[in-house]
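Chemist: need a structure here:
(2 chains)
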Amino acid sequence: MNQPKQAARDPQVPATEAGRNWLGHWLQPTGLRAIISGLVILTLIGLVSLLVYETGGTRFAWLHLMYLPIILAAACFGIYGGSAAALVAGIVLGPYMPMNAFTGLPQTTSNWMFRIVFFLLVGAFSGMISNFLNGQIKRLKQTHQRLLQAHEELKNAQMQLIQTAKLESIGRLAAGLAHEVKNPLAVIQLGVDYLTRTAKADASRDSIEAIQEMADAVQRADTVIKGLLNFSRSEKLALVLVDLNSVIEESLVLVRHELTKHCIVLEKNLAEGLPKIELDQNKIKQVLINLFMNAAQAMGDSGTLSVKTFVQQINAGFAGQNPASASVVVQIEDTGSGIAEDKLDKLFEPFFTTKPVGSGTGLGLSVSKNIVELHEGTIKIANRTDIRGVAVTIRFPVQNRS
Amino acid sequence: MTKKKILVVDDEEAMTRMLKRNLEATNRYDVRTENSSSAAVTAASEFLPDLILMDMMMPGMDGGDVAAKLKEDKRLSHIPIVFLTAIVKKEEAQPTGSKIGGLTFLAKPVKLDDLITCIENHVGK
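Modeler: This is a model prediction of the structure:
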């Protein structure tokens, strides 16, 4: 099958770019191209020499053609290449060469020396220009690369801003909506309670079941509203300097029963001596418990929940991040069935859930992401690469915190 | 057994009716309802309840304003007030009422059992 070229496939690369790249490859050759370029230059020197000798010696105008392979060598291999080609050209056109006998025109040593000096001057000067231009090209390429990276980062930041604005609007809407829905819900709850108390004695089994289903529905609606309120009210943090490991341990205690009930093995690998970071413990516990419960539900009745913490150094980026900055990372992995690739992007959207209808509000991960971002952290969810399952990675910055 | 008197103040009539219906069904409470916050103080001074169940957010005077007015009246200042509110989250409010700034709050929707426990905590069984 025909493989389309990169330049043709990428609409952002103009058509002339491919041509420039081709020329660039041959003007700065490496590997096999360097050998081919060297042979071509030597062949050209040889051909020009033959032409000079055949047409009457070094006094004739054809001699100037020798500057071509010298400049070519300088363009390809810089100052050393240009100088080397100049020397070779000088040697093959020397007065001692047997071919001089055929020209019938005697060469003097002084002429020859001048010629070599001129060749060397041209070769060295062209090489210097070539070296300078190559340096500029290299710097331009690096700048181009950094600009591309910065552009990509800006695009991501813009997407995040749009997403954040969207979530904030939903949050404001949710808070108002929650308040308005809670009042009628309270009336329904009290109505259900009244019917439960008064109608029980003479009610049919169907009536009792209907009342119970109404009570369950009220509870479910209340859970959704609770999620909405959490979503819209997580903007204030009670930050304290803590060891993330201790927050994880306390959260695990709260879900231990759930893990045991579902025969889930817990594997902890918490790094010792983690730098302390400023966290709202209750909110981070809410995030961790949500993730642990999600993992437990994904695994069903057996599996392994792995919780790992470590410190990760952040490399200096184009935006001039402090190279000394680091993150405290917590990674939560399960051995469930993983998440379909087309759903991974939607996981943090409010009301998106992969759970069966009625068993999830679809707000847990949105709230979690909101909380983590309020801590200036990041949260990512991906399928595991080693085995089936999901890996959640949360990073909290250490910089200026400990 | 003497019935405890409960004054229910909420701008939503369905809510006050439902609370009255539920509480009176226990045969332990005598309930009076009021749907206007401005009339709540007058209703309290006439009815002299053992406890006031009051919505927090109401048009005109809100629950806090009514409570302040009640505290100004020596005959009424001792009456415990339980605020029913849709703002407080379940996590912030205990099922049977939580104290925030010396006031008792119950989060809507409240279950009848929890409501009765809260009332009992203030006025006894």
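Chemist: The chain: helices as residue ranges?
Modeler: Defaulting to chain A. Along chain A, the segments classed as helices by DSSP state H run A:6-9, A:15-27, A:32-54, A:67-92, A:100-103, A:109-198, A:205-232, A:244-261, A:281-299, A:341-344, A:364-374.
Chemist: other chain: chain B
Modeler: For chain B, the helices defined by DSSP H cover B:13-25, B:40-47, B:63-72, B:112-123.
Chemist: what would those helices look like in CSV with mean neighbour count and mean pLDDT?
Modeler: C-betas here are computed from N, CA, C, even on glycine. CSV is the format used below for those (neighbours: other CB atoms under 10 Å in any protein chain shown; pLDDT from 0 to 100):
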stretch, mean neighbour count, mean pLDDT
helix B:13-25, 19, 91
helix B:40-47, 17, 91
helix B:63-72, 17, 84
helix B:112-123, 18, 90
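Chemist: between the ones you listed, which gets nearest to residue A:257?
Modeler: Each of these has some distance to residue A:257 by CB to CB; the shortest is helix B:112-123, at 23.8 Å.
Chemist: CA atoms only: put the closest one into PDB for me.
Modeler: Coordinates of each C-alpha in helix B:112-123 appear next as PDB, following Å, rounded to 0.1, in the frame of the first residue of the first chain:
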ATOM      1  CA  LEU B 112     -39.900  12.000  59.700                       C
ATOM      2  CA  ASP B 113     -38.100   9.800  62.200                       C
ATOM      3  CA  ASP B 114     -35.100  12.200  62.200                       C
ATOM      4  CA  LEU B 115     -37.300  15.200  62.600                       C
ATOM      5  CA  ILE B 116     -39.100  13.700  65.500                       C
ATOM      6  CA  THR B 117     -35.800  12.700  67.200                       C
ATOM      7  CA  CYS B 118     -34.600  16.300  66.700                       C
ATOM      8  CA  ILE B 119     -37.900  17.700  68.300                       C
ATOM      9  CA  GLU B 120     -37.500  15.200  71.200                       C
ATOM     10  CA  ASN B 121     -34.000  16.400  71.800                       C
ATOM     11  CA  HIS B 122     -35.400  19.900  72.400                       C
ATOM     12  CA  VAL B 123     -38.800  19.300  74.100                       C
END
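Chemist: what sits up against it?
Modeler: Residues outside helix B:112-123 that contact it (CB atoms under 8 Å, 6 or more residues apart in numbering or on different chains) are A:190, A:193-194, A:197, B:4, B:6, B:19, B:22-23, B:26, B:29, B:50-51, B:53, B:80, B:82, B:95-97, B:104, B:106.
Chemist: follow-up on the earlier one: of all the helices of chain B, which one is nearest residue A:108?
Modeler: For the helices of chain B, the distance to residue A:108 is smallest for helix B:63-72, at 113.5 Å, taking CB to CB.
Chemist: which helices and strands sit right next to the closest one?
Modeler: In terms of contacts (3 or more CB pairs under 8 Å, 6 or more residues apart in numbering or on different chains; DSSP states H and E), helix B:63-72 is packed against helix B:40-47, strand B:51-55, strand B:81-85.
Chemist: And the contacts of it?
Modeler: Contacts of helix B:63-72 (CB under 8 Å, 6+ apart): B:9, B:37, B:40-41, B:44, B:52, B:54-58, B:61, B:76-77, B:79, B:81, B:83, B:85, B:103.
Chemist: rewinding a little: can you list the helices of chain B in a markdown table and add distance to residue A:70?
Modeler: Compiled in a markdown table, the helices of chain B are given as follows (distance: least, CB to CB, whole Å):
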| stretch | distance to residue A:70 |
| --- | --- |
| helix B:13-25 | 98 |
| helix B:40-47 | 104 |
| helix B:63-72 | 93 |
| helix B:112-123 | 96 |
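Chemist: just so I know, which of those lies nearest residue A:219?
Modeler: Closest to residue A:219 of the helices of chain B, according to CB to CB: helix B:112-123, at 13.0 Å.
Chemist: quick one: the closest one to strand B:81-85, angle?
Modeler: Computed with axes from the mean of the first three to the mean of the last three CA atoms, to 10 degrees, the direction of helix B:112-123 lies at 150 degrees from that of strand B:81-85.
Chemist: now the angle between helix A:109-198 and helix B:112-123, please.
Modeler: Helix B:112-123 runs at 80 degrees relative to helix A:109-198, counting by the same axes, to 10 degrees.
Chemist: centre of the chain versus helix B:112-123, how much separation?
Modeler: Relative to the mean C-alpha coordinate of its chain, helix B:112-123 is positioned 11 Å out (CA atoms, centre = their mean, to the nearest Å).
Chemist: For residue A:134, list the residues it contacts.
Modeler: Contacts of residue A:134 were listed using CB under 8 Å, 6+ apart, and they are A:28, A:78.
Chemist: gap between it and residue A:68?
Modeler: Residue A:134 is 20 Å from residue A:68, where distance means CB to CB, to the nearest Å.
Chemist: From the contact counts, what lies against the longest strand along chain A?
Modeler: Secondary structure of chain A per DSSP state E: the longest strand is strand A:303-313. Helices and strands in packing contact with strand A:303-313 are listed as helix A:244-261, strand A:264-270, helix A:281-299, strand A:326-333; criterion 3+ CB pairs under 8 Å, 6+ apart.
Chemist: Show me which residues of it are buried.
Modeler: Within strand A:303-313, the residues that count as buried by 16 or more other CB atoms under 10 Å in any protein chain shown are A:303, A:305-309.
Chemist: neighbouring contacts of that strand?
Modeler: For strand A:303-313, the external contacting residues (CB under 8 Å, 6+ apart) are A:244-245, A:248, A:252, A:259, A:262, A:264-271, A:274-275, A:292, A:295-296, A:299, A:325-336, A:389, A:395, A:398.
Chemist: Also stretch A:250-267?
Modeler: A:268, A:281, A:284-285, A:288-289, A:292-293, A:296, A:299-307.
Chemist: rerun at 7 Å
Modeler: Taking contacts as CB atoms under 7 Å, 6 or more residues apart in numbering or on different chains, the residues outside stretch A:250-267 that touch it are A:285, A:288-289, A:292-293, A:296, A:299-306.
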